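Participant: need a structure here:
(chains A and B)
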Amino acid sequence: MWPSSASTSDGWPSPLTSLPRAIAHVDCDAFFASVEQALRPELKGLPVVTGKERGIAAAMSYEAKRRGVVRGMRLSDVRRVCPEAVVLPNDYETYGLFSKRLFGILRRYTPDIEEYSIDEAFVDLTGTRRTHQASYEDIALRMKAAVESELGITVSVGLSLTRSLAKICSKERKPAGFVCVKGYELKAYLAHVPADRVCGLGPNSVALLAKYGVRTVLDYASRPEEWVRRLLGKTGVELWWELRGRAVYAVETALKAPASVSKTKTFTPPSGDREFVRAQLLRNVESACIKLRRHGLALKAIGVHLTTDEFRTSGLSAELSRATSSTIRAVEAASELFVRVYDPARRYRRTGVVLSELEPDSAGQADLFEDAVRLAKLRGVSAVVDEVNRLYGKHALHLAATDGLRSYAQHLGERGDHARRKIDLLRGETHRQRLGLPVWEVRLTR
Amino acid sequence: MPRTFDRAGALKKLREFYRSHHRPPSFDEIRELFGYRSKNSAFWIVRRLIESGFLRKDPKGKLVLDQLTGVKLLGSVAAGFPNPAEEELVDTLNLDEYLIRHPEQTFLVKVTGDSMIDAGIHEGDLVLVERGRSPKEGDIVIAQVDREWTLKYYQKKAGRPVLVAANVKYPPIVPREELTVGGVVVAVVRKYK
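Facilitator: Residues are numbered from 1 along each chain as shown, chains lettered A, B, ... in the order given. This is a model prediction of the structure:
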């Protein structure tokens, strides 16, 4: 909230307001594909698509987007619309390194950074003009230039009074765009932004609003607060204030404990082998539980889902009588759900698990019907499993039910490509430990 | 509830006892120390500590606390001399910190070719390159000249950039069209084993 003099009686920022708060949204352009292009100069200017190992386009360079490749497209379709596309496997390890570096660079400008996703951040620049001896726009532009020159990828930056506005701005001029909207420009700007560009107004809300003649963001923000509350409730009102330039959502700098942990994996070719599909699912449960314990959390609810080779997904979830962090307990629950979801007449290509209703993992009080000795033993087993796997590699010690996966590559055939970083090891690197630096694959000549 | 064994806590209690009594506790004293009713529980504690090597029994069955009597356990070094260097260890750099000045912009590049051989950069070496940094004269750079990438000394002749090899076989390169300096080399890594 800013002093009342900054806003007029109708709630809009006054015509004299520039940036009472300066929130930037930094969004990488075609992140995965850009990273590949940054590390392999010969890919610059070519249509690059990642996701080869999954058979689905995960990210595509702007050259590929221009030729009609969209996210989630099957690779067979990608090759049809864009035969010259360079299709690469996802290299999450390297993308993760770039992501960390991105946030590191942004933190040089202000400590108030929210890591919103792997390739997006909210940046609160409010009050930093004195340290940088520059206007907010210049600070944002310097930040953008630093990321682009040091990482070799482009980012789009939006700068405005609130998170919701900053996010709209960053989307305005992709790729490599910079859009700044100040208080006094706000109404004029929002008049040409369609309502579906607001993060938080989904297709259903947008369709509903259209029935009332609300098409632009200005239409929305100009309606009375009460009207918005009746139509879209509290979240709608929060958004309404955000879009009128009054910050409701703060930039959350604390790392959030996850609200849920999920693991989903695709395998090719699709399989109708019950034990194999079950093993795939349980491996996801194992991985998810490892992550859960790393965060010191326990699950109270578990959901499983299976996707057929026709991309139809079905799933079930269940609640446990007591929170647990034990893989064995989670597997028991997941197996029961699996029996009910699995259809022998179908072939599956993907399994996944979602652990939710997470709470801090504590020894807790055993209830009357619980076998306390077993609980303590399970806890001991988890500790030993984690320790063994820390020493010998993830899944070195695993359930017998997932042992069949050991001799199996997740993806057979052409799609079974691994990221180059995992294949071309440097001296001293192993299949599970590599240097934490990206390899810039410049082909030196002369 | 089953007993969970808190080894650190148990050791602390025994150590405190030893410090005030200058002798190991009896089983009955252990029982009291841990607030158990039965001496059996004391035996259990002792057995766990013997198993993990913190306690042993002498030939007469008396407890010996050879690992409990020091001031502080610092691994096996604690038995030796106080190490004056230990104080200084706080201020050391690890190799990462030593080699990498700006972690956000440092990349690995694998060297091919012999154009920098006289600068001690061999084929197969890894160079650490800082991206997005403008070069100074005399820096070793990764640069793109007329659409080809190369590793060379960055020099200037009559105010114009020239790329110079550290190998007499290669003449200096004067960029005809365009010169893009991709990054500046800050270190070379060659691992033998």
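Participant: Let me know the pLDDT of whatever residue of the stretch 151-300 of chain A ends up closest to chain B.
Facilitator: Relative to chain B, the nearest point of the stretch 151-300 of chain A is residue A:152 (6.1 Å; CB to the nearest CB). Every residue, glycine included, has its C-beta placed from N, CA and C. Per-residue confidence (pLDDT) for residue A:152: 95.
Participant: Go through the top helix by length along chain B and flag the buried ones.
Facilitator: Ordering each helix of chain B by length in residues (DSSP state H) puts helix B:7-21 first. Buried residues in helix B:7-21, counted by 16 or more other CB atoms under 10 Å in any protein chain shown: B:10, B:11, B:13, B:14, B:15, B:17.
Participant: Show me the domain layout of the chain.
Facilitator: With no chain named, the answer covers chain A. A:31-91, A:261-407 (automatic domain parsing).
Participant: let's do chain B instead
Facilitator: Domain assignment of chain B by automatic domain parsing yields the ranges B:7-88, B:98-189.
Participant: Can you tell me which of those domains is packed in deepest?
Facilitator: domain B:98-189 (a mean of 17; mean count of other CB atoms under 10 Å in any protein chain shown).
Participant: still on that earlier bit, now find how far off-centre whichever helix or strand comes after the longest helix of chain B is within its chain.
Facilitator: The helix or strand immediately downstream of helix B:7-21 is helix B:27-33, counting by DSSP states H and E. Centroid separation between helix B:27-33 and its chain, computed with CA atoms, centre = their mean, to the nearest Å, is 43 Å.
Participant: And stretch B:53-64, by the same measure?
Facilitator: 37 Å.
Participant: OK, contacts around the closest residue to chain A within chain B?
Facilitator: Closest contact between chain B and chain A, by CB to the nearest CB, is at residue B:132 (3.1 Å). Going by CB atoms under 8 Å, 6 or more residues apart in numbering or on different chains, residue B:132 touches A:146, A:148, A:149, A:150, A:151, A:152, B:105, B:183.
Participant: Quick check: ChimeraX command selecting the buried ones in these.
Facilitator: Only the buried members of those end up in this ChimeraX selection, burial being decided by 16+ other CB under 10 Å:
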select /A:146,148,150,151,152 /B:105,183
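Participant: Just the closest of the contacts of residue B:132 to residue A:250, please.
Facilitator: Of all those, residue A:250 sits closest to residue A:146, with 24.6 Å by CB to CB.
Participant: what stretches of chain A score poorly on pLDDT?
Facilitator: A:1-9, A:363-370, A:409, A:411-416, A:446 (pLDDT under 70).
Participant: Next one: the residue nearest in space to the middle of it from chain B, what distance?
Facilitator: The residue lying closest to the centre of chain A (CA atoms, centre = their mean) is residue A:117, at 4.5 Å. Per CB to the nearest CB, to the nearest Å, residue A:117 is found 19 Å from chain B.
Participant: what's the answer for residue A:336, then?
Facilitator: Using CB to the nearest CB, one gets 27 Å for the distance from residue A:336 to chain B.
Participant: want to try CSV for the domains of chain A, with mean neighbour count as columns?
Facilitator: CSV is the format used below for the domains of chain A (neighbours: other CB atoms under 10 Å in any protein chain shown):
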stretch, mean neighbour count
domain A:31-91, 20
domain A:261-407, 17
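Participant: quick one: residue A:79 and residue A:85 touch, right?
Facilitator: Yes - counting by CB atoms under 8 Å, residue A:85 is a contact partner of residue A:79 at 6.8 Å.
Participant: Let me know which of the domains of chain A is the nearest to residue A:444.
Facilitator: Residue A:444 lies closest to domain A:31-91 among the domains of chain A, at 11.1 Å (CB to CB).
Participant: Quickly check: that closest one near chain B or not.
Facilitator: Yes - for domain A:31-91 and chain B, the contact criterion (CB under 8 Å from any CB of the partner chain) is met by A:39, A:41.
Participant: which stretches of the chain form strands?
Facilitator: Picked chain A for this. A:23-28, A:48-50, A:59-60, A:86-88, A:113-117, A:120-124, A:155-160, A:178-180, A:261-271, A:297-308, A:313-324, A:348-356, A:359-360 (DSSP state E).
Participant: Actually, chain B is the one I wanted.
Facilitator: Taking DSSP E, the strands of chain B run over residues B:56-57, B:63-64, B:106-110, B:126-131, B:140-145, B:148-157, B:160-164, B:179-189.
Participant: No further queries at this time; thank you.
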